[in-house]
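A.B. asks: Test case, fold it:
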Amino acid sequence: MKTIMKTKQIPILALVGLLALPAGLSACASAAPPAARVVTEADGGPVGLARGQTLEVRLGSNAGTGYAWRLDREASPLVLSGGSSQDVAASPGLPGGRLTTVYTYQGAGRGRAELAFTFKRPWEPDKPDDRKVVFKVRVR
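C.D. replies: Residues are numbered from 1 along each chain as shown. Prediction:
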């Protein structure tokens, strides 16, 4: 047995579909982004990230030693946007104490990017045995 749709039903179905479209889109737009992904030096290597998800790279040091983390390879802004950094003291008011440098990015678009950091004194020349960490970020 064949069911034949009347020609008047087709425009009505199309209209119903168009009216439902904004409701479906607003539901997608209001979905909360995934929780921030926090990585440290020990997590060097591959990092998975969703579009819109925040990535925090937390690298520790001691403020009084002269050593600091240097960003060597920046990611494409088409893949990771933002690229801000700040130093956070573990014990404010304690000169030369523990310090964490926090680099913050946001997954902007699908793709792969590398973030490379070197831990060294800025006035010293680069050496092959400098402490390094590389994050291979994949935004899906």
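A.B. asks: just checking, P122 touches A68?
C.D. replies: Yes. Taking contacts as C-beta atoms under 8 Å, P122 lies within contact range of A68: 6.6 Å. (Glycine included, C-beta is placed from N, CA and C.)
A.B. asks: between those two, which one's more packed in?
C.D. replies: Looking at P122 and A68 with other C-beta atoms under 10 Å, you find the greater number of neighbours at A68, namely 17 against 8.
A.B. asks: F119 versus that one, what's the distance?
C.D. replies: Using C-beta to C-beta, to the nearest Å, we find A68 at a distance of 7 Å from F119.
A.B. asks: list residues touching both of the two?
C.D. replies: S61 (C-beta atoms under 8 Å, 6 or more residues apart in numbering).
A.B. asks: The residue nearest to R98 when sequence neighbours are not counted: neighbour count?
C.D. replies: Of all residues not flanking R98 in the chain, A90 sits nearest, at 3.7 Å (C-beta to C-beta, 6 or more residues apart in numbering). Around A90 there are 12 other residues, counting by other C-beta under 10 Å.
A.B. asks: how far does the helix or strand hosting E114 sit from the chain's center?
C.D. replies: E114 belongs to strand 111-120 when assigned by DSSP states H and E. Taking C-alpha atoms, centre = their mean, to the nearest Å, one finds strand 111-120 lying 12 Å from the centre of the chain it belongs to.
A.B. asks: Pull out the buried positions in it.
C.D. replies: Buried residues in strand 111-120, defined by neighbour count with 16 or more other C-beta atoms under 10 Å: 111, 113, 115-120.
A.B. asks: The residues you listed into a markdown table, with extra columns for pLDDT and distance to S85?
C.D. replies: Listed next are those as a markdown table, based on pLDDT from 0 to 100; distance: C-beta to C-beta, whole Å:
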| residue | pLDDT | distance to S85 |
| --- | --- | --- |
| G111 | 94 | 22 |
| A113 | 93 | 16 |
| L115 | 94 | 11 |
| A116 | 95 | 14 |
| F117 | 95 | 10 |
| T118 | 95 | 14 |
| F119 | 95 | 14 |
| K120 | 93 | 16 |
